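# Turn this into a model:
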Amino acid sequence: MKRHLLWKLLLINILPVIAVIILVIWLAIDQLAADYFMALMNKYDVSLTETHQMFLTAVHRYLLWATLAALALAMVLSYLLTRRVLRPLAQMTAITRQFAVGHYTDRVLITSHDEVGQLGEAFNRMADSLERIEKLRKTMVADVAHELRTPLTNLRGYLEALSDEVIPPSKTTFSMLEDETLRLVHLVESLHQLAKADAAKAHLTRETLSMRELIEQMLPLYQLPFASKNITLETDYTHESDTVRVDRDKMLQAIRNLLDNACRYTPDSGRMVIVTRRTEEGFMVRFTNSGQAIDKADLPLIFERFFQTDRSRSREKGGAGIGLAIVKELIEAHGGHVGAESSPGENTIWILLPE
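You can find the predicted model right below:
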């Protein structure tokens, strides 16, 4: 019984209440009703001792029967109601056991909107997050394995061919081997940046900086990539103060990743627009580029690690789904938020920094 909350609640709610009620009634009868009864007996000249005792005995007997009946009814009703209240807790216990073995599909059945029902809703939201994270983790492992396996397989094949003199050493072959090596270096460096972004909150060196100057500092690095794809770049900076309290290096890294993402997924002869605005919530920067719309179901996931809306297309463009995850970590380390919007022919990634 000590291990079951149901019985504890029943005993706590029923026994003290009934005990107090019976005690009050018992004392009231003994003190008040008995005195009134004796007064009547004196008035009508009736023997007091024997009749008084019979009266008390009868009243006590019926009071005990009433007590047992009330206790039984209270037990039944309290048991049913308390079990109904505690059912979600029992479900949560069973579901957490499933979580422990890697099954995240079960959910708590919500039957009320009280505190227990709210707890069940929060539990279901947590379960949804765990299931989504587990799916992303499995996808991440598969994607990392693929990203590593492809260049390593190419390197091994060509090195074996060179070693066996199946193919002659040439500038083209060595250039291809260099490209594959750089691809591996890029992936490892991205993972390293992601790890550093995770720890960014504890290592921020904030300065009061102009967001326009930070963006303008990064744009020359993408002048050639934009020109090679004939991308038209437009900027619309706020006329208000654009200073923010940020870590210079980490904010430059976030801007660089956003520019790289926009350049990669903007089609040839496309268009990119950078807009800065000060809002009631903080300072917002929007990076909008023309291109294929992102599916609405994918929008909340594009900032997850290794998530790719089109894996084959992303690999062809050299992406591994890490850039926006790094942006999210860096912006949230500053206390800000990130988000995405999509409409036919246009996609927008925005960051919001606090005042």
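
# Helix, strand or coil: sort out Ala293 for me.
coil (DSSP: H, G, I helix; E, B strand; the rest coil).

# That one against Ala340, yeah?
No: contact criterion C-beta atoms under 8 Å: Ala293 and Ala340 do not qualify, at 11.1 Å. Quick note: C-beta positions are derived from backbone N, CA and C, even for glycine.

# The two - which one has more neighbours?
Each of Ala293 and Ala340 has its neighbours counted (other C-beta atoms under 10 Å); Ala340 has more, 17 against 13.

# The more buried one should be in a strand, yeah?
Yes: counting by three-state DSSP, Ala340 is found in a strand.

# residues in contact with the residue nearest the centre of the chain?
By C-alpha atoms, centre = their mean, the chain has its centre lying nearest to Ser129, at 5.2 Å. Applying C-beta atoms under 8 Å, 6 or more residues apart in numbering to Ser129 gives no contacts.

# Could you point out the helix or strand that follows the helix or strand bottoming out on mean pLDDT in the chain?
Lowest mean confidence among the helices and strands of the chain (mean pLDDT, DSSP states H and E): helix 311-316, at a mean of 46. Note on helix 311-316: by DSSP states H and E, the next helix or strand toward the C-terminus is helix 323-333.

# which helices and strands does that next one pack with?
helix 171-198, helix 248-265, strand 337-343, strand 346-353 (3 or more C-beta pairs under 8 Å, 6 or more residues apart in numbering; DSSP states H and E).

# Indicate which one of these is closest to Thr288.
Counting by C-beta to C-beta, Thr288 lies closest to strand 346-353 out of the helices and strands packed on helix 323-333; the figure is 4.4 Å.

# Give the pairing partners of that closest one; include direction for each.
strand 283-290 (antiparallel), strand 337-343 (antiparallel) (DSSP bridges).

# Confidence-wise, which of those strands is weakest overall?
Among these, strand 337-343 carries the lowest mean pLDDT, at a mean of 91.

# got the contact list for that one?
Residues external to strand 337-343 that are found in contact with it (C-beta under 8 Å, 6+ apart): 293-296, 299, 302-303, 324, 327-328, 331-332, 347-352.

# Tell me which stretches of the stretch 51-200 of the chain form helices.
Secondary structure of the stretch 51-200 of the chain by DSSP state H, counting those that start in this stretch: the helices cover 115-163, 171-198.

# Switch these over to a markdown table; also include mean pLDDT and distance to Arg97.
Below are the helices of the stretch 51-200 of the chain laid out as a markdown table (pLDDT from 0 to 100; distance: least, C-beta to C-beta, whole Å):
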| stretch | mean pLDDT | distance to Arg97 |
| --- | --- | --- |
| helix 115-163 | 78 | 13 |
| helix 171-198 | 74 | 30 |
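
# want to try CSV for those, with distance to Leu209 as columns?
What follows is the helices of the stretch 51-200 of the chain, written out as CSV (distance: least, C-beta to C-beta, whole Å):
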stretch, distance to Leu209
helix 115-163, 33
helix 171-198, 19
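
# and Leu73, which of those helices is closest to it?
Closest approach to Leu73 among the helices of the stretch 51-200 of the chain (C-beta to C-beta): helix 115-163, 24.1 Å.

# Report the distance from the closest one to the chain centre.
The chain centroid and the centroid of helix 115-163 are separated by 17 Å under C-alpha atoms, centre = their mean, to the nearest Å.

# With stretch 243-260 instead?
Counting by C-alpha atoms, centre = their mean, stretch 243-260 is centred 25 Å from the centre of its parent chain.

# what residues does that stretch touch?
Here stretch 243-260 has contacts from 193, 197, 200, 204-211, 214-215, 217-219, 221-222, 283, 287, 323-324, 326-327, 330-331, 333-334, 349, 351, 353, using C-beta under 8 Å, 6+ apart.

# Can you pull the domain assignment for the chain?
5-99, 127-198, 203-353 (automatic domain parsing).

# Check the average confidence over the first one, would you?
Model confidence over domain 5-99, given as mean pLDDT, is 68.

# Could you report the separation of the residue nearest to the centre of the chain from Leu353?
Between Ser129 and Leu353 the computed distance is 25 Å (C-beta to C-beta, to the nearest Å).
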